[in-house]
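Student: A predicted structure for the sequence below; I have some questions about it.
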Amino acid sequence: MAKLEINVGVSNHHVHLTKDVYKYLFEDDIKPFKYISQKGEYSTDKKVTLVGPKGEVNNVRVMGPYREYNQVEVSYSDAYILGVKPPVARSNELENAVFIKVKYNDKVVDLPKSCIMAESHIHMSLEEAQKYGFKDKDKVNVYIDGLRKGMIEAFVKVKENGVLDFHIDRDQANAFLLENGDKVWVDLDRKSL
């Protein structure tokens with residue numbers, strides 16, 4: 001069996017904002033604080049509070065660069081605290097996303113159809129996809145051989161600037177005792193489901 005080992009990237013709750021919403025909340029231009037694994041993407045030094053019908057989640061990082069849509073990514077635990085029921089969805093697939101409020105100091109913005117739980121995914125470049133025989137949106141099983149063994153279904157996200165990385169949220173990472181930089185694998189002999 002041919003295995004493709006992939007680094008784990010644990011994604012904490014975060015928000016992607018349009019330029020208009022970002023400028024309203026912070027009144028300055030977006031700028032990098034720390035670059036992340038995917039080329040051209042970064043965290044900013046800005047944090048917001050998510051406000052739901054039942055509660056709030058504080059210190060939620062704003063990501064950059066600007067997006068053409070507002071997207072709030074939370075875990076199931078966050079959703080429970082907030083009192084919302086977001087769908088498991090892919091980035092920019094917001095048809096069933098739920099309403100959430102974002103607060104910074106005394107400013108509050110209503111974001112309809114913006115809150116999701118991100119579907120587990122594997123980032124890769126066009127070259128990596130070609131090398132390993134994947135195409136965008138392929139579904140795969142990702143295997144975990146750590147202290148708590150298991151399998152997570154994920155989809156392949158092929159982008160020109162993609163860097164091979166397996167993204168899961170904090171709840172999933174905790175369930176499988178995974179941290180950033182741990183290794184998981186995909187069976188290359190049985191690539192897609």
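Tutor: Cool, the structure landed. Numbers count the residues shown, from 1 in each chain.
Student: I'd guessed residue 11 sits against residue 172; true?
Tutor: No. Between residue 11 and residue 172 there is no contact under C-beta atoms under 8 Å: 9.3 Å. C-beta coordinates here come from the backbone N, C-alpha and C atoms, glycine included.
Student: In the chain, which strand is the longest?
Tutor: Looking across the chain with DSSP state E, the single longest strand is strand 107-118.
Student: Just checking: what are the partner strands of that one?
Tutor: Strand 107-118 sits in its sheet next to strand 71-73 (parallel), strand 88-89 (parallel), strand 98-104 (antiparallel), going by DSSP bridges.
Student: Which strands or helices does the helix or strand following it pack on?
Tutor: Counting by DSSP states H and E, the element after strand 107-118 in chain order, helix or strand, is strand 121-124. Judged by 3 or more C-beta pairs under 8 Å, 6 or more residues apart in numbering; DSSP states H and E, the packing partners of strand 121-124 are strand 150-158, strand 165-169.
Student: Nearest to residue 43 among the ones you listed would be which one?
Tutor: Checking the helices and strands packed on strand 121-124 against residue 43 by C-beta to C-beta gives strand 165-169 as the closest, at 14.1 Å.
Student: Next, the buried residues of the helix or strand following the closest one.
Tutor: Per DSSP H and E, the first helix or strand lying C-terminal to strand 165-169 is helix 170-175. In terms of neighbour count (16 or more other C-beta atoms under 10 Å), helix 170-175 has its buried residues at 170, 172, 173.
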